[in-house]
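[1] Build me a model from this:
(one chain, ligands or ions: 2)
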Amino acid sequence: MEKLFSIPLLPADYETYGALKTVRRLSQMKSLYADQEAADRLLENGDPVIYEVYELPHPNDETDLLVNITVLYPGYVGDEPYMTKGHFHREPDTAEAVIGLSGEGELLVQNREGELRSLKVAAGRISYAGGGWAHRVVNTGSENLVFFAVSGANIVHDYETAAELNFKKRQ
Ligand SMILES: O=P(O)(O)OC[C@H]1O[C@H](O)[C@H](O)[C@@H](O)[C@@H]1O
Ligand SMILES: [Fe+2]
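    Ligands and ions are numbered 1, 2, ... in the order given. As a prediction, this is how the structure comes out:
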């Protein structure tokens, strides 16, 4: 895609413009949920889609921006709502802004020292996580939570460190 565009902020339109669609299912992130027995019970009846990410093709130049739309479905694993995996950006870290398009939820952020914070995500709101904050979006509502996220295009996702902390308070 040419590095000039103006397109609607909708997953379907993103796909029309060649977005790469990534589907994340429960089996790919089961270990992140607190209630493993509840996850196993769900998996006996299939493998639910938790979220889909629509990513426009980009050349990863450090001067570019990564502009994704994510559709996070409503649902629970035990008493824990559906959520994204969550990640740090590997150093040198860059910030990420999440702009809610529909639905409601929260942006859980945690730094490498384990400090945990929660920011509201909703239509018409921007939630901003500066560098050094791992970020995970949680759908606390009963509708799809659709959000736009923008960060530096040259980020490298670090899922491992975020999974170790797993957005839990340190004792
Ligand atoms: O990458 P995850 O932690 O699974 O989160 C899902 C997605 O959320 C946002 O859209 C981010 O900008 C994406 O980079 C990320 O892929
Ligand atoms: Fe990110």
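
[2] hey, let's count contacts and neighbours off CA atoms from now on
    Fine.

[3] what's the straight distance from one end of stretch 70-87 to the other?
    15 Å (CA to CA, to the nearest Å).

[4] ok, now stretch 124-133?
    End-to-end for stretch 124-133, by CA to CA: 22 Å.

[5] roughly how far apart are the nearest residue to residue 36 once chain neighbours are set aside and residue 57?
    Leaving aside its sequence neighbours, residue 36 sits nearest to residue 30 (CA to CA, 6 or more residues apart in numbering; 7.3 Å). Residue 30 sits 28 Å away from residue 57, going by CA to CA.

[6] do residue 13 as well
    Residue 13 is 14 Å from residue 57, by CA to CA.

[7] Tell me where the chain has helices.
    11-16, 36-44, 159-165 (DSSP state H).

[8] rewinding a little: quick check: the gap between the residue nearest to residue 36 and ligand 1.
    Using CA to the nearest ligand atom, to the nearest Å, we find residue 30 at a distance of 13 Å from ligand 1.

[9] more crowded one of residue 13 and residue 57?
    Set side by side, residue 13 and residue 57 show more neighbours around residue 57, with 16 against 13, by other CA atoms under 10 Å.

[10] picking up where we left off before, closest one to ligand 1 among the helices of the chain?
    helix 159-165 (7.1 Å; CA to the nearest ligand atom).

[11] Just the CA coordinates for the closest one, please, in CSV.
    C-alpha atoms of helix 159-165 as CSV (Å, rounded to 0.1, in the frame of the first residue of the first chain):
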residue,chain,number,x,y,z
TYR,A,159,5.2,-11.3,24.8
GLU,A,160,7.4,-13.4,27.1
THR,A,161,8.1,-10.7,29.7
ALA,A,162,4.5,-9.6,29.7
ALA,A,163,3.4,-13.3,30.2
GLU,A,164,5.8,-13.7,33.2
LEU,A,165,4.2,-10.7,34.9
